[in-house]
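quick one: sequence plus predicted model below, questions after.
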Amino acid sequence: MNNEAQYIIKEQPFYQAQGDEVELYEAAYAARLPVMVKGPTGCGKSRFIEYMAWKLGKPLITVACNEDMTASDLVGRYLLDANGTRWLDGPLTVAARIGAICYLDEIVEARQDTTVVIHPLTDHRRTLPLDKKGELIEAHPDFQLVISYNPGYQSLMKDLKQSTKQRFTGFEFDYPSEATETSIVEKETGIDHELATKLVKIGTAARNLKGHGLDEGISTRLLTYAATLIKGGIEPKAACRMALVRPITDDADIRVTLDHAIDTIFA
Amino acid sequence: MTKTVETEERSAKDLAYWEALNCRFPDADRVFDECIKEAKALLTPAGVDAYIENARFIGKMGRGVEPLLIYLEEAPTVASIVGEEVLPEIKDFCLFLSTNTNFKAIVPFLQTLGAVSKRLHSYEQLHHYFDILKDMLDKTTASVHGHHKTFPSPGLPLLLEQSPRLLKALSLEGYKNWIDYGVKYYNKHPERQKDYFSLQSPDAVAVMQRERHGTLMVDHERQLDLYLRGLWEDSDYLVPYSSAFDELRKPMPYYDKLGIRLPDVYDDKHGVSGIDRYRATLAHMAAHRRWSSQMIVDNWSPFQRVAVETFEDSRVDYLAIKEFPGLRKLFLALHPVPNENDLQLEGKSLIRLKLALVSRAILDPDFTVKDKDIAFFVQRFFDVMEQNESSSPEMADIALSFIARTRRQSDLLPDIYFNNTEVDYRDDNRHLWIYIEQGDEEEDTFEHLEEQKQQDDVNALPPRHYHEWDYNSQHYRPDWVSVYEAIHPSGNANVIDKILEKHGALAKRLKAILDALKPQQKVRIRYQEEGSELDLDVAIRSLIDLKSGSQPDMRINMSHKNDGRDIAVMLVLDLSQSLNEKAKGSQQTILELSQEAVTLLAWTIEQLGDKFAIGGFNSNTRHDVRYSHIKGFGEHFDTEVKRRLAAMEAKYSTRMGAAMRHAGHYLQGQKADKKLMLVLTDGEPADIDVDDDQLLIYDTHQAVKELAADGIYSYCINLDPKADEYVKDIFGSHYTVIDHVDKLPEKLPQIFMSLTK
């Protein structure tokens, strides 16, 4: 099953460049430099990586990190079968073998002792030792490592080690400007310009409240959800409440304020 | 002579009424004709008969002519609002007051009856009102030796005078609660009772505020702030002003350098909820802040200024609606609909009407103005606005030519037309004007002194006010206690180091216990179906099982978990006078022993690495509760903290509830799984301004309950051997009484550790 083809992205994902990030990424890939993308949730980090993998024609292996993830979830482990034990490659190992872009999403969610296993892959060595198996993998020439993290809920516990940080080149993402975001919502979902403008306005209102009771503003992703619902025939105010307000907050004051914002914008 | 003439002028019927009144006061004679005319217009014939009959009685009560005159004047209105059956009741109530030593209250009672019945609107409500008054009177009329009501109620006449104002803001129930509060607390203090019922004392205002109907700004301040930030990317202090007390000059919302001023309460109006009215007002002001610029106005006449205001207000509303279309609905509901036909009126200054028409026509697409001049300027406004967002000076141009075109001689008349011209959500636009000439007053001579004074104030923290629970009435006294917080003065840190040296042996023992308590960073959890690593022992066992054909155990993995302590501790020290006493069987004072105990505890907790803060308190009446900051959560147990601890001194009394509430708000700000408040005290809560020794005990108990509701566990360490009598009432089972105070330094850290084990 570990064939390369399943990781190739077949159709072009929609991605609206906000600046020169596409060129910069291509340059980084040409030198096989590890890349880190930072930014709030739902601002298009994963979409960007997907788009670049498609553009470069390379397979993409995505790993969503969580706090229960261990090093063996990345590198691989022995499994039991009828004849004893059998080694199974982890996603990172697979990527290193076949020459894929390995994308570790939300890397800070993983425990710190897990993240150090990527170190030998991210410097001049480009190797991955499988100590349990006693094997040293030389990374495929096309292999590249990409990580993403969201500095928003950075706490003392959830931060990258300096030794990890300093192995990457970095992209900082943020929510796009209103005009760009409008066109993203329009193109992604096919709603009309006026509606998209209104949705983005609600998004902006919520982002202004960040730090005043909201941990994160309404993401571009949620805006496209709302647009999709409206496109599907739902009444705009109800769609916004459902897609934009209810998911992001349990705080009654904020909910009331955002509901009111929706009412004033969709008069 | 004149009298007979007047009598002759009366019709036979009126004469019969006058006869029935049977009254010889010349003053009554003078007003009678007017009154009977009004009565006949408002009442049925039977009603007029009752009116006269009761008037006769009041006239013969022997309390002078005044009650009769007011009755004659007010009664028809009252009866026409709530029904004629009220007339005998008014008489009965007057009689009741008259025979009850409270006859001085008759005049204010009758005087305000008209205004009160306008508020209450129904016979039943008015009846309740009488009952409430009777109840209040019963309670406040003092009697000597129990059987004679000898002294009149001091508060009643004042209460009656305030009634219309109170009932404007309060429901009848709120009115009753307000009175009950006053009766409860000031029944024994005639002077304070007067202050309360005349709405002079601060708590009268505070209680009234609590009982109000409508949307209070204080309850929604955060929502409004979020509204400003979210939709307008703006933020400022929101300051409420009271709208209850200025009857004549209604204050308007405004903003200046110090913040945005809003009324303290908005009732629902025209189907717009109170909170939406706040939002509309804020939206209007935020629009000004975004789009308006200041103008020099020394040369403009007042008319020109109001015109500029109107056009500028309309412009910012127009822009705001363009940005947020939903605002139109709100603004339309709140904007009055002026009556254009009144433009024909003569003898009145119609300037406000004209401008209100302009404003409505701009706001409301369905509103058409027939007046050509007004329509012309409305059109001109739209022409300008269609091009861009325009500017304040451009609006001023339009406004000035509007005034030039529509000016009439009658504009200068003193009788100004106000009906339906006041736009409730707009502010007073003081931010628009710049005056170059400030006037002749030499105001600024002392301005720099004023500034200096303000700077001094910055160094001291403003007081925080806390409620206090009154167990008698089962409710809170609002903002009763003022807590002043300051950093504790510093002393010599060596004192504390010496204490640590002295208790070196004890410290060693504590250390041994500590090591057992210290969190083990990682714990292995075995027998997991899913885990971070393969547990080889179990795996091999399973494999053997598998190979030998029996059912293998699938739980062959293991994982790790962190076993951490997450505790925040607040130690609250009683620093009242009694701590200066020598402890029984010891050469040291309780204060010194407490100091040693706290030092050891602080050292212990520092070793454990838990979040920890220390505060001390004492009180000198409810106006002066002092809370001293000894160690904050962010500080370590370092020299600075030791110096403060060394300077501990004891004075004044123990108002524990307020101090616990204050300390609790710091604990609330901490992020921790477990929050613990340790209270170290040597006696029961007491203060010199409280006679009832149970009051502060119940208040402290209430504070403990409040803290528990916020997830804070309070625990009391009491040094008073007789504490069992009351400490259980306060802390339930969360307490330790230490009989041998000299053992305190040893006990305190042990108690802490056993609590947090």
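Okay, I see it.

per-residue pLDDT, residue 201?
I went with chain A, as the question did not name one. pLDDT for residue A:201: 91.

that's the wrong chain, I wanted chain B
So, for residue B:201, pLDDT stands at 84.

I'd say it and residue B:192 touch.
Yes - Residue B:201 lies in contact with residue B:192 (C-beta atoms under 8 Å); the separation is 6.9 Å. Where C-beta positions appear, they are placed from N, C-alpha and C, glycine not excepted.

got the residues of chain B near chain A?
By C-beta under 8 Å from any C-beta of the partner chain, the residues of chain B that approach chain A are B:222-223, B:225-227, B:229-231, B:233, B:275-276, B:279, B:324-330, B:532-534, B:539, B:542-543, B:546, B:556, B:559.

give the buried subset of these as a PyMOL selection command.
The following PyMOL line selects those of the residues of chain B next to chain A that are buried, judged by 16 or more other C-beta atoms under 10 Å in any protein chain shown:
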select buried, chain B and resi 222+223+225+226+227+229+230+231+275+276+279+324+326+327+328+329+330+532+534+539+542+546+556+559
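
from the residues of chain B next to chain A, which ones fall inside strands?
Under the assignment DSSP state E, these contribute B:533, B:534, B:559 to strands.

give me the most central residue, chain A.
With distances taken as C-alpha atoms, centre = their mean, the residue of chain A nearest its centroid is residue A:46 (3.4 Å).

show the model's pLDDT score for that one.
91.

just checking, residue B:268 touches residue B:275?
No - the pair residue B:268 / residue B:275 is not scored as a contact, 9.5 Å apart, by C-beta under 8 Å.

low-scoring stretches of chain B, by residue?
Applying pLDDT under 70 to chain B flags the ranges B:1-9, B:143-149, B:243-249, B:438-460, B:513-522, B:562-565, B:757.

okay, now residue 255: neighbour count?
Going with chain A. For residue A:255, the count of nearby residues is 17 (other C-beta atoms under 10 Å in any protein chain shown).

wrong chain, I was asking about chain B
Residue B:255 has 23 nearby residues by other C-beta under 10 Å.

okay, and it sits in which element?
Here residue B:255, judged by DSSP states H and E, is contained in strand B:254-256.

for chain A, what lies in contact range of chain B?
Contact residues (C-beta under 8 Å from any C-beta) of chain A with chain B: A:68, A:70, A:72, A:77-78, A:80, A:82, A:84, A:205-206, A:208-209, A:212-213, A:253-254, A:256-258, A:260-261, A:263-267.

tell me the phi and psi of residue B:485?
phi -110, psi 140 (degrees, to the nearest 10).

residue contacts, residue B:484?
Neighbouring residues of residue B:484 by C-beta atoms under 8 Å, 6 or more residues apart in numbering or on different chains: B:460, B:461, B:463, B:624, B:625, B:626, B:627.

most neighbours, which of those?
These, ranked by neighbours (other C-beta under 10 Å): first place residue B:625, 29 neighbours.

what residues go with each domain of chain A?
Dividing chain A into domains by automatic domain parsing, as the record does, gives the ranges A:4-172, A:178-265.

of those, which stretch is the most buried?
With neighbours defined as mean count of other C-beta atoms under 10 Å in any protein chain shown, the domains of chain A peak in mean count at domain A:178-265, which reaches a mean of 19.

give the buried residues for the top helix by length along chain B.
Counting by DSSP state H, the longest helix found in chain B is helix B:302-323. Residues of helix B:302-323 classed as buried: B:303-321 (neighbour count, 16+ other C-beta under 10 Å).

for the stretch 1-150 of chain A, give the residue positioned nearest to chain B.
Per C-beta to the nearest C-beta, residue A:70 is where the stretch 1-150 of chain A lies closest to chain B, at 3.9 Å.

which residues sit in contact with that residue?
A:111, A:114, B:532, B:533.

my guess is the first one meets residue A:66, correct?
When you say that, I think you mean residue A:111. No - applying C-beta under 8 Å, one finds residue A:111 not in contact with residue A:66, separated by 9.5 Å.
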